[in-house]
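**Q** sequence unknown, structure follows:
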């Protein structure tokens, strides 16, 4: 998410980007917060950025922060989000941006391929018709 070389490394230092509103409300708009540690659920994480006031991601609600999903079990004790697919509501929503020149149909094909690979790796957890849908939610104006 922030550094592809480190996102999946088990010993990577936990990092976070704060939403602008969270930064104002909970950090007092401290302009020197980047590089410092804050605590989330009692665990230290390093702030690597503060989002612009205009950026809220693609969610309808403004998130408080962003961090690599691989760090979620560190923040939430006992979490099996990344390894246990048996829960009733085990969905994860993700947003992405297409590479320049990539058509949405090409992205859908990559998602189908990814779903097939996950089905091979986890045959008892991922059923035959399960998919990773692609839904365009926004376009950028030039």
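**A** Noted; the coordinates are in hand. Computed from a prediction, not measured in an experiment: that's the story for all the values here.
**Q** Domain map for this protein?
**A** 15-75, 96-134 (automatic domain parsing).
**Q** can you put those in JSON lines and add mean neighbour count, distance to residue 5 and mean pLDDT?
**A** (C-beta placed from N, C-alpha, C; glycine too.) Listed next are those as JSON lines, based on neighbours: other CB atoms under 10 Å; distance: least, CB to CB, whole Å; pLDDT from 0 to 100:
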{"stretch": "domain 15-75", "mean neighbour count": "14", "distance to residue 5": "12", "mean pLDDT": "89"}
{"stretch": "domain 96-134", "mean neighbour count": "11", "distance to residue 5": "19", "mean pLDDT": "77"}
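**Q** What ranges does the chain have for its strands?
**A** 15-18, 37-40, 43-50, 65-66 (DSSP state E).
**Q** Tell me which other helices or strands the third one touches.
**A** Read it as strand 43-50. Where contact means 3 or more CB pairs under 8 Å, 6 or more residues apart in numbering; DSSP states H and E, strand 43-50 is packed against strand 15-18, strand 37-40, helix 72-75.
**Q** try it again with 10 Å
**A** In terms of contacts (3 or more CB pairs under 10 Å, 6 or more residues apart in numbering; DSSP states H and E), strand 43-50 is packed against strand 15-18, helix 20-27, strand 37-40, strand 65-66, helix 72-75.
**Q** Kindly report the same for the first one.
**A** Secondary structure elements in contact with strand 15-18, counted by 3+ CB pairs under 10 Å, 6+ apart, are helix 20-27, strand 37-40, strand 43-50, strand 65-66.
**Q** Neighbouring strands - and their directions - for that strand?
**A** Strand pairing for strand 15-18, determined by DSSP bridges: strand 43-50 (parallel), strand 65-66 (antiparallel).
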